[in-house]
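**Q** The following block contains a protein sequence and its predicted model.
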Amino acid sequence: AGEGNGGPAKRMTIRLSKAKPSLPENFLETSWKKLAEAVDAIHNVRRVEHSREELYRMVEALCMHKRSSELCKLLEGVMDQHIRVSIESLVGQTPDYAAFLGLVTDTWQNHCQQMQSIRNLFLYLDRTYVIRDSGQRSLWEVGLNMFRKYFEGATDVKNKVVHGFLHLIDRERCGEAVSLSTCTNIVRMLVALQIYEESFEKMFVAETSNFYRRESSRLLQESPVSDYMVHVEGRLKEEKQRVARYLDPQTRVPLVRACEKELVAAHVQFLLEKGFEPLMEGQRTVDLERMYSLLARVNALRDMKVALAAFVKNRGLKIVQNEEAEKELVPNLLKFKQDMDDLLKDAMHGNEDFDRAMRDASEAFLNSRASRPAELIAKFIDAQLRTGAKGVGGEEETEALLEKVIVLFRFLSAKDVFEAFYKKDLAKRLLLGRSASSDMERSMIAKLKTECGSNFTNKLEGMFKDIELSKDLMANFKQSRQFAALPEDVEMNVHVLTTGYWPAYPAMKDLRLHETMVQCRQTFEEFYFSKHEGRRLTWQPSLGNCLLRASLPCGRKEFIVSLYQSLVLLLFNACAEVGDELTFVHIKAETGMEDGELRRTLQSLACGKVRVLEKLPKGREIEDGDKFRINAEFNNRMNRIKINSIQMKETSKENKETHERVFQDRQYQVDAAIVRIMKARKTLSHRELIGELFKQLRFPVTPADLKKRVESLLDREYLERDEADRDTYKYLA
């Protein structure tokens, strides 16, 4: 601005206006022509004539000038036509499934590659247009939708693809080799088109079920159960690998479930009925573990547990009920128990429910013969404690064996019967010096105490206490003036036992002891009564033993014998010559022994391994007219010789008497149970009361025995009969 001619200055403003850029006329048409040629070249796998950069710039220019929608429609039209033609070209193609699936995978792969190339060319359109318009899908999705539309529309093609793929899988299951790439591409196509589950998976799982239903029915008729289970395990592994190699991961669960249902679940009972017992009999751990794993897959372990319990019970019953093999009952049970424990651990993964079922079954069969197993277990323990460290494995092995026997003892309901026989055998071991180890004896009692409590072992512990007190008593006796009065060549040892702790022993009233023995007995009684006034001693000669020194033609020998044997041998001191004879009648009169005991004693001396006497006439049985003399030809390299007594076999009468004594001890438990039940129920019929008692009592008992106890309580006015119904009892408070 400036001033002129003295006038005011003027301002001049210059405005610059920028014209909006515009596309040349017909730019869309000319550009699309080049783009369409490029798309056609991609579809037909030809070289694109125009520069890709030039084509990209055309797309960018059209998008920037808001021609995206028009460009999109033109492109989709070309894509739609090409995809339709591609799918239609598959109609009526080769009937060979493998070849047809190859054509389909080629078509699919071509489509994917072409769509990727087209998307790269129209990348600017794909990014900007989709971002601005949320309702618009990407070019890739548009291509998939078109492919899905025409693929599903071509029913023949779709069905042929699905059935062909299923046929291919069937061939693979039958051992043929198939193209992994074809299978993989078919699955990828179906998944990408989002028709995998609906169009293929459901039909595939159904066909799998049919395939394995037919196969399992055939194989179960042709193969052993063990071979069938190996096949099933292999099939399940194959199906998992099939999923890993080319099927979609989501198929794994329904596929495996279908296989398990047809191969295992449908045949659980058949597998157990035909296969379980032979596998258990044969100790086939691997096959049983396989069965356990397969049944666990289909939640059928409960059925296997029932089969296991039945097997254990049946096999156990065979062992327990076999009266001919009673001597081997406990070893057989221990072996059976060990075998079952090994199978439980190795084949059944130590399942606690299975373990509980085995224990229940063991308790059932072990108590199936009332109290007989309790007796035999007590006798087996007696044999082990008499052998102890002398056995093959020594004391440690015996200890381990006793631990296993305690497990059997745990299942016994007749524990009081066991106690009676165990106490009788323990008494013999302690009094006759037959126990191999006092430590093992105490260890066994500690085990029993742990299992049953201190009340169970009070008497057993009292027996040990008596032995210890007897040792102290004998030490005092040997220091007393009475002991000094004994003959010099006589030694004496006495066990003083508490009557309540020890078993009852039969008395031999007419027994005539040797005069030296009588003197010893009187001497000890004088000492004992001087220490304990008011007590009474009852001598038990049946448990006594002696050490006799003898001068024989073969030289001086020492004999360890029972008191009864010693009485017979001492009679021969009255003979003038070695060859002098004594008759059976004379020996019986001089000793006063019972007939049966005397015959067994003479048998042990004249017919056993150590024949210090000679029987005339020779023979095994002792007759009334037999004569006996010192065996002049007797010889033995040992200086001290033990002559075993012939043990009288336990008669049924004695066995019954033992059980009757046990039942007498049980009477208190029965009485308490009756009173407890009646106190709670007030009024009960005889049948109901007996039923309740059988439920509560843990030891075997007969209705007749229970009736006796009810009568006893009626007499003692704990109960009374109902006046209206004599078969009903009332409790009296």
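**A** That came in fine, so what should we check first? A quick note: this is a predicted structure, and the numbers were derived from the prediction, not measured.
**Q** Low-confidence stretches in the stretch 601-733 of the chain?
**A** Low-confidence segments of the stretch 601-733 of the chain (pLDDT under 70): 647-660, 663, 733.
**Q** and L431, how many residues sit next to it?
**A** Other residues within reach of L431 by the criterion other C-beta atoms under 10 Å amount to 21. (Each C-beta comes from the backbone N, C-alpha and C, glycine too.)
**Q** what pLDDT does it get?
**A** Note for L431: predicted pLDDT of 83.
**Q** From L563, how far off is the residue lying closest to it once chain neighbours are set aside?
**A** Of all residues not flanking L431 in the chain, L543 sits nearest, at 4.8 Å (C-beta to C-beta, 6 or more residues apart in numbering). The gap separating L543 from L563 is 8 Å, by C-beta to C-beta, to the nearest Å.
**Q** so how far is A550 from N636?
**A** 11 Å.
**Q** what's the overlap in contacts for those two?
**A** Counting by C-beta atoms under 8 Å, 6 or more residues apart in numbering, the common neighbours of N636 and A550 are K557.
**Q** in stretch 180-199, what counts as buried?
**A** The neighbour-count check on stretch 180-199 (16 or more other C-beta atoms under 10 Å) flags 182-183, 185-193, 195-196, 199 as buried.
**Q** Same check on stretch 362-373?
**A** Buried, per 16+ other C-beta under 10 Å, within stretch 362-373: S362, E363, F365, L366, N367, R369, A370, S371, R372, P373.
**Q** Can you tell me the element V142 falls in?
**A** Assigned by DSSP states H and E, V142 belongs to helix 139-153.
**Q** need the contact list for F380.
**A** So F380 contacts L329, V330, P331, V405 (C-beta under 8 Å, 6+ apart).
**Q** Of those residues, select the buried ones using a ChimeraX command.
**A** Of the contacts of F380, the buried ones go into a single ChimeraX selection, burial set by 16+ other C-beta under 10 Å:
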select :329,330,405
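**Q** Let me have the contacts of F380 in a markdown table, extended by secondary structure.
**A** Below are the contacts of F380 laid out as a markdown table (DSSP: H, G, I helix; E, B strand; the rest coil):
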| residue | secondary structure |
| --- | --- |
| L329 | helix |
| V330 | helix |
| P331 | helix |
| V405 | helix |
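**Q** What ranges does the stretch 351-500 of the chain have for its helices?
**A** Along the stretch 351-500 of the chain, the segments classed as helices by DSSP state H, counting those that start in this stretch run 352-366, 372-387, 394-411, 415-431, 438-452, 454-478, 481-484.
**Q** sec struct for the spatially closest residue to P254 that is not a sequence neighbour, please.
**A** The shortest distance from P254 to any non-neighbouring residue, by C-beta to C-beta, 6+ apart, is to V205 (5.0 Å). In three-state terms, and counting by three-state DSSP, V205 is helix.
**Q** And L513, by the same measure?
**A** L513 is classified as coil under three-state DSSP.
**Q** give me the number of residues near it?
**A** Neighbour tally, L513, other C-beta under 10 Å: 19.
**Q** That one: what's it in contact with?
**A** R521, P541, L567 are the contacts of L513 under C-beta under 8 Å, 6+ apart.
**Q** pLDDT score assigned to the closest residue to the first one other than its chain neighbours?
**A** Taking C-beta to C-beta, 6+ apart as the measure, R521 lies nearest to W539, with 6.6 Å between them; neighbours along the chain are not counted. With respect to pLDDT, W539 scores 87.
**Q** quick one, phi psi at W539?
**A** phi -80, psi 140 (degrees, to the nearest 10).
**Q** still on that earlier bit, and the next helix or strand past the helix holding V142?
**A** Next along from helix 139-153, by DSSP H and E: helix 155-173.
**Q** Packing partners of that next one?
**A** Using 3 or more C-beta pairs under 8 Å, 6 or more residues apart in numbering; DSSP states H and E, the elements in contact with helix 155-173 are helix 97-121, helix 139-153, helix 180-192, helix 202-222, helix 225-245.
**Q** Moving C-terminal from the last one, which element do we reach first?
**A** Proceeding N to C from helix 225-245, the next assigned helix or strand is helix 252-263, under DSSP H and E.
**Q** Quick one: list the elements packing against that next one.
**A** Counting by 3+ C-beta pairs under 8 Å, 6+ apart, helix 252-263 packs on helix 202-222, helix 225-245.
**Q** Tabulate the ones you listed (TSV), appending mean pLDDT, mean neighbour count and distance to I42.
**A** Below are the helices and strands packed on helix 252-263 laid out as TSV (pLDDT from 0 to 100; neighbours: other C-beta atoms under 10 Å; distance: least, C-beta to C-beta, whole Å):
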stretch	mean pLDDT	mean neighbour count	distance to I42
helix 202-222	94	15	35
helix 225-245	94	16	32
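**Q** can I get these in TSV with distance to G462?
**A** TSV is the format used below for the helices and strands packed on helix 252-263 (distance: least, C-beta to C-beta, whole Å):
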stretch	distance to G462
helix 202-222	64
helix 225-245	57
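**Q** Return the helix or strand in this structure with minimum mean pLDDT.
**A** helix 652-681 (a mean of 75; mean pLDDT, DSSP states H and E).
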